[in-house]
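> Fold the following, please.
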Amino acid sequence: MTRTRMDIWTRTDDEGTWPEVLVAYARAVETMRALDPPTGPPTDPLSWQFQAAMHGRATETGSADRSHPLWSRCQHGSWFFLPWHRMYLAAFEAVVQHHLGDDQWSLPYWYALDPDRPTAAVLPPAFREARADNALFTDQRSVLANGGDPLPDVSDSVTQALGVDVFATDTGVASFGGGERSQPSFFGEEMGAIEDTPHGFVHVVVGNDFDDQGNTVREGWMGSFFTAGLDPLFWLHHANLDRLWQVWLDANPAHRNPPDDDPAWFRTRFRFPKPGGGTRTFRVGDVLDTTALGYTYESVGVPSTFLPAPAPVPPGPPGAPEAPAGGGIEMGGVEEAPPPRPMATPQVVGATQDVSLAQAAPAVVELSEPSDLGLGDGEAGAGPTRVYLRLEGITGTAAAPAYEVYVNVPAGDRGGEHPELLAGRLATFGLAEASRADSEHGGSGLTKVFEITAVRDALADRGRWDPSRVTVSFEPVLPVPSDTDALAQASTGMARAPDLRAARVVVLSA
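Now for the predicted structure:
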């Protein structure tokens, strides 16, 4: 029997009555916590802290704790992000079922940034009730989120992520699922669109608190790789990200996972504890269909804001019948989307080094080959050149939850006055971990890529595209507190000013 993972807000009434799925979840969390030792590292694989440690756990010096072979194994910044977390959720769900004695219990999901339902951007009531007997509440969370404040509305980032047309590439351009890597990595540096926002943004605004200048004034569990799994809300957030993977596949017939003849992705395996002892090994290729894991989602419909571009139709021979409406090709009575047009190898056409993302002045990238950014100078029949903005080596110890990245904002204006110039958002989840000198990649930081072809086109339509230079502006995205007194009281008194920097800001064309 296939189980259904439910939208938690559709099961929450106006009175805030807990749905049964959360009553059971809280009971399981309490049981799992009872298995943790009062001090020292966890030892029982079915305990709460052990389950969280598989995502991440820090040593006393702040580096990743790998004293157990299953700890600190989460996959971020690469094409393993989505499949690893799908496995992690499936293994965790089995542990909860074991503790409940109910093999039909399914993890619900929290669609925090729903473009069609702004009211869902609030923590469900069960997670906000500050009672000693409520295992779903923690004070290791943003006081604003716990107080019922809505998250800042960046739901259009979901729509933007769903519009990215490739799961992963090895060419350093924008992808949905992350950069290709030959081997698993705790942090692979190059985030996919879905991992950045909504994923990272929700982590940071649920976990941490900030003042009106963007200074971090308090840090909670969800804001760090090493503690995120300790918050019961983590699992509902990631269930939604897992769901959005299926939404992306359904959003456009041209959207596809990497092919099964790519062993670096398809055949990679990860291990997780299982009830009864031992471990369970998943292969990426075995978790691409959720029904094979025993579940589906209550809804995988695309948001109303998503308007996919029609898939290109290759021309047929003279006299051939027209392709069916919608851009597909009729093959044996089944409409199939043509494969995406091959992408040219991206070329760097401009770059600048050592850029502060916290400064007011925009970064200026002089273009060395402006002709490569024209509106119709791609290869014959390939259409206009595609343009990308790549932020490389982003490091820092403190930052706002996210930064909106704008291109060519007129002097004296704010980017928010020109939504057509928004390249996208950079969430800062994982920033501190990726900036440590003793990290996996020696503190080389994060990398984020935006496709800015539409921005280039919008500027060209207005006669404002400058083929010789691109300016890049960064504006922090911050919660607006409804209770400034509560925020002040929760502050640790050690505000840390944003110090975000990028080693390089690069413009590419393909």
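> Could you list the low-pLDDT ranges of this protein?
For the chain, the stretches with pLDDT under 70 are 308-344, 369-384, 439-442, 494.
> And the helices in it?
20-33, 48-55, 81-100, 143-146, 156-162, 193-194, 201-207, 233-251, 263-266, 431-435, 453-461, 484-490 (DSSP state H).
> Report all helices and strands that the shortest one contacts.
Contacting helix 193-194 under the criterion 3 or more C-beta pairs under 8 Å, 6 or more residues apart in numbering; DSSP states H and E are the following elements: helix 156-162, helix 233-251. C-beta here means a position set from N, CA and C on the backbone, and glycine is covered the same way.
> The first one now?
Of the remaining helices and strands, those touching helix 20-33 by 3+ C-beta pairs under 8 Å, 6+ apart are helix 48-55, helix 81-100.
> how about those helices, which one is nearest residue 356?
Residue 356 lies closest, by C-beta to C-beta, to one member of those: helix 81-100, at 27.7 Å.
> In contact with residue 401, which residues are there?
Residue 401 makes contacts with 152, 201, 204, 205, 208, 210, 427, 428, 476, 477, 478, 479, as judged by C-beta atoms under 8 Å, 6 or more residues apart in numbering.
> Let me know the closest of those to residue 181.
Using C-beta to C-beta, the contacts of residue 401 come closest to residue 181 at residue 427, 20.2 Å.
> Show me what that closest one bridges to in the sheet.
residue 402 (DSSP bridges).
> show me what contacts it?
Contacts of residue 427 (C-beta under 8 Å, 6+ apart): 196, 197, 199, 200, 201, 203, 204, 401, 402.
> if you set the cut-off to 10 Å instead, what comes out?
Going by C-beta atoms under 10 Å, 6 or more residues apart in numbering, residue 427 touches 154, 157, 191, 195-205, 399-403, 446, 448, 477.
> Likewise for residue 410?
So residue 410 contacts 417, 418, 421, 464, 471 (C-beta under 10 Å, 6+ apart).
> just checking, the first one touches residue 409?
Yes: with contact taken as C-beta atoms under 10 Å, residue 417 and residue 409 are classed as touching, separated by 8.0 Å.
> quick one, which of these two is more surrounded?
Per other C-beta atoms under 10 Å, whichever of residue 417 and residue 409 has more neighbours is residue 409, with 19 against 10.
> Distance from stretch 475-483 to the middle of the chain?
Relative to its parent chain, stretch 475-483 has a centroid offset of 20 Å by C-alpha atoms, centre = their mean, to the nearest Å.
> which parts of that stretch are buried?
Neighbour-count burial for stretch 475-483, counted by 16 or more other C-beta atoms under 10 Å, picks out 475, 476, 477, 478, 479, 481.
> Strands - which of those land there?
If you go by DSSP state E, the buried residues of stretch 475-483 have 475, 476, 477 in strands.
> Of these, which is the nearest to residue 220?
Taking C-beta to C-beta as the measure, residue 477 is the one of these closest to residue 220, at 17.8 Å.
> what is the closest one paired to in the beta sheet?
Bridge pairing for residue 477 - DSSP bridges - gives residue 402.
> re the thing from before, in a markdown table, list the contacts of residue 410 along with distance to residue 264.
Below are the contacts of residue 410 laid out as a markdown table (distance: C-beta to C-beta, whole Å):
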| residue | distance to residue 264 |
| --- | --- |
| 417 | 44 |
| 418 | 40 |
| 421 | 37 |
| 464 | 42 |
| 471 | 38 |
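> who wins for neighbours among these?
Going by other C-beta under 10 Å, residue 421 tops the contacts of residue 410 with 24 neighbours.
> For the nearest residue to residue 70 once chain neighbours are set aside, give me its contacts.
Leaving aside its sequence neighbours, residue 70 sits nearest to residue 54 (C-beta to C-beta, 6 or more residues apart in numbering; 5.3 Å). Contacts for residue 54 were tallied using C-beta under 10 Å, 6+ apart; they are 45, 68, 70-74, 88, 91-92, 229, 270-273.
> And the strands in the stretch 151-300 of the chain?
209-210, 216-218, 269-273, 279-283, 295-297 (DSSP state E, counting those that start in this stretch).
> okay, those strands, which one's buried deepest?
Of these, the one with the most neighbours on average (mean count of other C-beta atoms under 10 Å) is strand 209-210, at a mean of 26.
> now for that one, which elements pack on it?
The contact analysis (3 or more C-beta pairs under 10 Å, 6 or more residues apart in numbering; DSSP states H and E) places strand 209-210 against helix 143-146, strand 216-218, helix 484-490.
> so which of those comes closest to residue 361?
Once these are compared by C-beta to C-beta, strand 216-218 is nearest, at 22.8 Å.
> hang on, the earlier thing: okay, the buried residues of stretch 475-483 in TSV with distance to residue 437 next?
Below are the buried residues of stretch 475-483 laid out as TSV (distance: C-beta to C-beta, whole Å):
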residue	distance to residue 437
475	29
476	26
477	28
478	29
479	31
481	34
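> what's the farthest-apart pair in the residues you listed?
The farthest-apart pair in the buried residues of stretch 475-483, when distances are taken by C-beta to C-beta, is 475 and 481, at 18.5 Å.
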